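Student: The following comprises the amino acid sequence and a computationally predicted model.
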Amino acid sequence: MVMSLGMFVVVLDNTIMNVSISALVEDLNTTATGVQAAISLNALMMAAFVLMGGKMADIVGMKRTFMTGALLYIAGSTLASFSNNLAVFILGWCIIQGFGAAMMLPNVNTIIRANLEGGARAAAYGTLTGINALGLAVGPLVGGFLTTYASWRWAFRLEVFTLIIVVALSGVIPTDRLAKLRPKLDVVGVILQALAMVFLVVGLLLIADYGLFLAKQPLVIAGYEIAPFGLSVVPFLWAIGILCFLAFTRWERRVERRGGDVLVDLDLFRIGDYVKGLQVRFLHVAILMGATFAIPLYLQVTYGLNAFQTGFVLLALSAGLLLAATTGARRGLQYLPKKKVEWGFLVVILGAVAMILYIYLGAEPRGLLPGLFIFGVGLGLVASQIVNLILSSVSEKQTPEASGVASTLETLGSSVGTALVGTVLIVALTTGITNLVDDSETLPQDNKMAVEQALLDSVEVVSNEIIAEEMTEDPGVEAEIIAIYDKARENAFQITVLFMAFGALVAYILARDLPEKKLV
């Protein structure tokens with residue numbers, strides 16, 4: 001139960017902030033893009049150091065690593081709850097708390113596996129799965145309720161209170177029994193792996209502001225403008241990330257040849273079925289987290305829903321996911337797990353199409369519920385099979401390390417999903433504004449360029465009311481500008497959901513190569 005409480009906090013945190021985007025924008029004096037970056041960076045921090053968290057268990061002990069992570073998590077959440085600007089919020093939530101979560105997450109399963117056997121271990125994993133699902137389901141509602149009727153800050157304080165209970169009850173966790181000969185931490189490997197992830201994801205986050213290839217504007221650092229040859233900084237960041245990744249793999253091979261302790265066994269990536277499963281799982285998590293960022297934002301800026309109302313609508317997705325995830329493994333056992341994964345992604349595409357039609361035709365938020373539920377059912381059906389299918393591809397001895405790599409790819413998928421969906425949303429909005437302004441018959445021809453530039457300056461996904469506050473045109477022109485922005489925003493959300501459907505189609509194609517075998 002103590003391990004479950006620790007896992008509950010981490011899972012809750014992954015969903016609790018997505019319904020509070022508008023409140024965060026206002027309280028931290030930032031933008032939706034700023035909040036998107038924070039959500040991505042939080043997941044990125046976990047992805048960058050979760051392998052290190054698993055290795056530290058062998059070096060200093062599972063319990064000590066877990067408890068250190070819990071204390072860091074408490075410190076980071078406390079700082080985030082008192083932050084008054086985005087920089088302090090990112091320091092607390094993304095950096096300190098994210099690093100703490102990376103120390104906790106891989107050791108929850110390890111502690112259970114090391115101290116329980118047989119039926120007790122099975123019961124513990126069952127409890128853990130149930131708590132995990134509960135956190136995913138109630139996160140939007142809890143976050144929405146606290147944000148609407150108190151403050152989003154109390155969501156972090158709730159996490160702190162829960163982890164204080166974990167610390168107080170930590171005596172029930174058995175004391176670590178360390179081996180006499182303990183491995184050493186591959187510090188160089190940790191740094192290279194973390195840098196590779198950071199440069200790749202940060203590059204993705206900067207596309208909307210700085211362009212993909214040609215620079216929209218130079219990146220300014222300490223007064224220096226960075227836009228070499230008029231190019232965006234993005235491809236250079238990606239190049240550095242790829243070089244860091246190549247250096248990481250080369251370093252790990254070198255350490256392995258010398259008989260040293262590697263951060264990860266690269267031979268895992270020679271197992272074809274394992275790699276295919278990781279690719280599918282990466283897309284699965286990216287689609288889920290992308291949806292839980294884009295849909296709440298759509299509901300809040302289009303319909304003015306508060307955080308609690310947003311969480312209630314998002315419950316349709318959570319309900320579909322939980323229903324399919326908990327029953328998918330038990331029902332229809334005559335079908336191969338691979339088939340259930342394939343069907344799951346087809347159902348996700350069906351749900352996405354339903355949401356696109358609603359955005360085009362709908363007039364009330366409740367019209368989104370059927371599409372969200374179907375979308376969730378598809379994701380849940382995939383979730384019921386994919387992890388077991390991935391780990392069935394490796395030997396029992398390789399399972400702990402394979403599980404750690406899978407956790408890393410999952411958290412990286414969460415970061416990339418939020419970053420990529422947010423980028424697609426902004427790019428689609430920008431393109432839509434440009435096209436609609438050019439096609440307008442109401443706006444004066446000599447004024448179109450000025451209107452377009454005004455709308456595109458620091459373009460953000462905001463409500464019609466905010467656009468209206470910034471207008472100084474005559475009533476007729478103002479109404480046309482608001483109508484243009486409203487239509488461009490609607491089209492941008494449709495394109496974003498279509499992009500997620502495309503991601504599900506790619507995942508479906510990859511899933512067709514998964515191994516055809518029954519699992520116990």
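Tutor: Yes, it's here.
Student: how close does residue 45 get to residue 304?
Tutor: 32 Å (C-beta to C-beta, to the nearest Å). Yep, even glycine has a C-beta here, placed from its N, CA and C like the rest.
Student: Can you pick out the residue with more neighbours from the two?
Tutor: Legend: neighbour count by other C-beta atoms under 10 Å for residue 45 and residue 304, higher for residue 45 (27 against 13).
Student: In contact with the residue nearest to residue 370 when sequence neighbours are not counted, which residues?
Tutor: Nearest non-adjacent residue to residue 370, counting by C-beta to C-beta, 6 or more residues apart in numbering: residue 354, 5.9 Å away. The neighbours of residue 354, taking C-beta atoms under 8 Å, 6 or more residues apart in numbering as the test, are 370-371, 374-375.
Student: Out of these, give me the two with the largest separation.
Tutor: 370 and 375 (9.5 Å; C-beta to C-beta).
Student: More neighbours: these two, which one.
Tutor: When residue 370 and residue 375 are compared for neighbours, residue 375 comes out ahead with 32 against 15, by other C-beta under 10 Å.
Student: name the helices or strands packed onto the strand or helix carrying residue 413?
Tutor: Using DSSP states H and E, residue 413 sits in helix 399-439. Judged by 3 or more C-beta pairs under 8 Å, 6 or more residues apart in numbering; DSSP states H and E, helix 399-439 is in contact with helix 32-59, helix 98-115, helix 187-205, helix 207-210, helix 272-303, helix 386-391, helix 448-456, helix 475-511.
Student: for these, which one sits closest to residue 82?
Tutor: When the helices and strands packed on helix 399-439 are compared by C-beta to C-beta, helix 32-59 sits nearest residue 82, at 15.6 Å.
Student: Okay, angle between the closest one and helix 399-439 too, please.
Tutor: Orientation of helix 32-59 against helix 399-439 (axes from the mean of the first three to the mean of the last three C-alpha atoms, to 10 degrees) gives an angle of 170 degrees.
Student: what's helix 32-59 packed up against?
Tutor: For helix 32-59, the packing partners by 3+ C-beta pairs under 8 Å, 6+ apart are helix 21-27, helix 62-81, helix 86-89, helix 98-115, helix 187-205, helix 272-303, helix 399-439.
Student: For the ones you listed, could you give me JSON lines that also reports distance to residue 135, mean neighbour count and mean pLDDT?
Tutor: Output for those, formatted as JSON lines (distance: least, C-beta to C-beta, whole Å; neighbours: other C-beta atoms under 10 Å; pLDDT from 0 to 100):
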{"stretch": "helix 21-27", "distance to residue 135": "19", "mean neighbour count": "21", "mean pLDDT": "84"}
{"stretch": "helix 62-81", "distance to residue 135": "14", "mean neighbour count": "22", "mean pLDDT": "93"}
{"stretch": "helix 86-89", "distance to residue 135": "22", "mean neighbour count": "17", "mean pLDDT": "93"}
{"stretch": "helix 98-115", "distance to residue 135": "12", "mean neighbour count": "23", "mean pLDDT": "83"}
{"stretch": "helix 187-205", "distance to residue 135": "24", "mean neighbour count": "20", "mean pLDDT": "89"}
{"stretch": "helix 272-303", "distance to residue 135": "13", "mean neighbour count": "23", "mean pLDDT": "88"}
{"stretch": "helix 399-439", "distance to residue 135": "14", "mean neighbour count": "22", "mean pLDDT": "82"}
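Student: Let me have these in JSON lines, adding distance to residue 163 as columns.
Tutor: Output for these, formatted as JSON lines (distance: least, C-beta to C-beta, whole Å):
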{"stretch": "helix 21-27", "distance to residue 163": "22"}
{"stretch": "helix 62-81", "distance to residue 163": "5"}
{"stretch": "helix 86-89", "distance to residue 163": "19"}
{"stretch": "helix 98-115", "distance to residue 163": "9"}
{"stretch": "helix 187-205", "distance to residue 163": "24"}
{"stretch": "helix 272-303", "distance to residue 163": "23"}
{"stretch": "helix 399-439", "distance to residue 163": "19"}
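Student: And the contacts of the strand or helix carrying residue 246?
Tutor: Using DSSP H and E, residue 246 sits within helix 234-257. Contact with helix 234-257 is made by 186, 188-189, 192-193, 195-200, 202-204, 206-207, 210-213, 228, 261-264, 266, as judged by C-beta under 8 Å, 6+ apart.
Student: Kindly reformat the helices and strands packed on helix 399-439 as CSV containing distance to residue 416.
Tutor: Listed next are these as CSV, based on distance: least, C-beta to C-beta, whole Å:
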stretch, distance to residue 416
helix 32-59, 8
helix 98-115, 15
helix 187-205, 6
helix 207-210, 12
helix 272-303, 5
helix 386-391, 17
helix 448-456, 26
helix 475-511, 11
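Student: Nearest to residue 69, out of the ones you listed?
Tutor: helix 98-115 (2.8 Å).
Student: The helix or strand following the closest one - contacts with which helices or strands?
Tutor: With elements assigned by DSSP H and E, the helix or strand that comes after helix 98-115 is helix 118-149. Contacts defined by 3+ C-beta pairs under 8 Å, 6+ apart place helix 118-149 against helix 2-16, helix 98-115, helix 153-168, helix 307-328.
Student: Nearest to residue 391, out of the ones you listed?
Tutor: Once the helices and strands packed on helix 118-149 are compared by C-beta to C-beta, helix 98-115 is nearest, at 11.1 Å.
Student: Kindly format the C-alpha coordinates of the closest one as CSV.
Tutor: Output in CSV follows, covering the C-alpha atoms of helix 98-115 (Å, rounded to 0.1, in the frame of the first residue of the first chain):
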residue,chain,number,x,y,z
GLY,A,98,10.8,15.4,-12.0
PHE,A,99,14.2,14.2,-10.8
GLY,A,100,12.6,12.9,-7.6
ALA,A,101,10.0,11.0,-9.6
ALA,A,102,12.7,9.4,-11.7
MET,A,103,14.3,8.0,-8.5
MET,A,104,10.9,6.7,-7.2
LEU,A,105,9.3,5.3,-10.4
PRO,A,106,11.6,2.4,-11.3
ASN,A,107,11.9,1.3,-7.6
VAL,A,108,8.3,0.8,-6.9
ASN,A,109,8.1,-2.5,-8.9
THR,A,110,11.6,-3.4,-7.9
ILE,A,111,10.8,-3.2,-4.1
ILE,A,112,7.7,-5.3,-4.6
ARG,A,113,9.5,-7.9,-6.7
ALA,A,114,12.4,-8.2,-4.2
ASN,A,115,10.3,-8.6,-1.1
